[in-house]
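**Student:** I'd like to go over a predicted model; first the sequence, then the structure.
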Amino acid sequence: MYKFDGNFQSLSSPQPDTEVLAIALQHTDLNSDMKELPNPQANILVKLPNLSEEKKKNSTRTFGELSLETILSNLLRYGVLLASTVVFIGGILYLIRHGSEPVNYKFFQGEPAELCSPLGVINAVLAGSRRGIIQLGLLLLIAIPVLRVIISLFTFIWRREFAYVIITLIVLASLTYSLVGAYY
């Protein structure tokens, strides 16, 4: 906001994180000859305090918070990329082997029993099963958010933020129940 009353004063800055200065220019007669105009000189009147300093103090994050955000975002980013790559490779290998076989849609055939548990999926991958590789990628995709919640839980315990520990434990319990509840 600018106020013009013979003197020019800037009451706010276009950059809120910098210091604000009020500047007054010398008043000159507009009807005078151009050659006779003196060079305008600026005088610093008042150094105004930055109004966003208090906001900066309240909204700044510590190095630990920034590094935790970086770790969690990289976990999600690279974890999803890894899981997608594993599913893609398994799908390509599956299509190379079974792509030309005719499909019978009369009867629904679910996943084999060995691919319905994490231990069975690992055994199928070690045996060279292409469907096992696809299932491993899907298990990785499911495990990434669970791992994120576990890392957050340990971080909140370390910081002694017990309200967040309780909330994170509830989220972890619901994730665990949704994953394991189908077996019981």
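**Tutor:** Okay, I see it.
**Student:** list the buried residues for the helix ranked longest in the chain?
**Tutor:** Criterion DSSP state H: the longest helix present in the chain is helix 63-98. Using 16 or more other CB atoms under 10 Å as the test for burial, helix 63-98 gives 68, 72, 79, 83, 86, 87, 90, 93, 94. Any C-beta I mention is one placed from the backbone N, CA and C, and that applies to glycine too.
**Student:** and those, which is the shakiest by pLDDT?
**Tutor:** Note: of these, the lowest pLDDT belongs to residue 68, at 78.
**Student:** just put the buried residues of helix 63-98 in JSON lines and tack on distance to residue 125.
**Tutor:** Shown next, in JSON lines, are the buried residues of helix 63-98 (distance: CB to CB, whole Å):
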{"residue": "68", "distance to residue 125": "32"}
{"residue": "72", "distance to residue 125": "27"}
{"residue": "79", "distance to residue 125": "18"}
{"residue": "83", "distance to residue 125": "14"}
{"residue": "86", "distance to residue 125": "9"}
{"residue": "87", "distance to residue 125": "12"}
{"residue": "90", "distance to residue 125": "9"}
{"residue": "93", "distance to residue 125": "11"}
{"residue": "94", "distance to residue 125": "13"}
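**Student:** ok, those vs residue 172, which is closest?
**Tutor:** Closest approach between these and residue 172, by CB to CB: residue 72, at 14.8 Å.
**Student:** give me every residue that touches the closest one.
**Tutor:** Listed by CB atoms under 8 Å, 6 or more residues apart in numbering, the contact partners of residue 72 are 148, 151, 152.
**Student:** among those, which ones are buried?
**Tutor:** Buried residues within the contacts of residue 72, defined by neighbour count using 16+ other CB under 10 Å: 148, 152.
**Student:** among the contacts of residue 72, name the ones in helices.
**Tutor:** With helices taken from DSSP H, the overlap with the contacts of residue 72 comprises 148, 151, 152.
**Student:** surely residue 131 meets residue 125?
**Tutor:** No: using CB atoms under 8 Å, residue 131 makes no contact with residue 125, being 9.6 Å away.
**Student:** quick one, strands of the chain?
**Tutor:** For the chain, applying DSSP state E gives strands covering 2-4, 8-10, 20-25, 42-48.
**Student:** what is the burial count for residue 143?
**Tutor:** When counting by other CB atoms under 10 Å, one arrives at 15 neighbours for residue 143.
**Student:** distance of it from residue 169?
**Tutor:** Look at residue 143 and residue 169: by CB to CB, to the nearest Å, they are 18 Å apart.
**Student:** same deal with residue 95?
**Tutor:** 42 Å.
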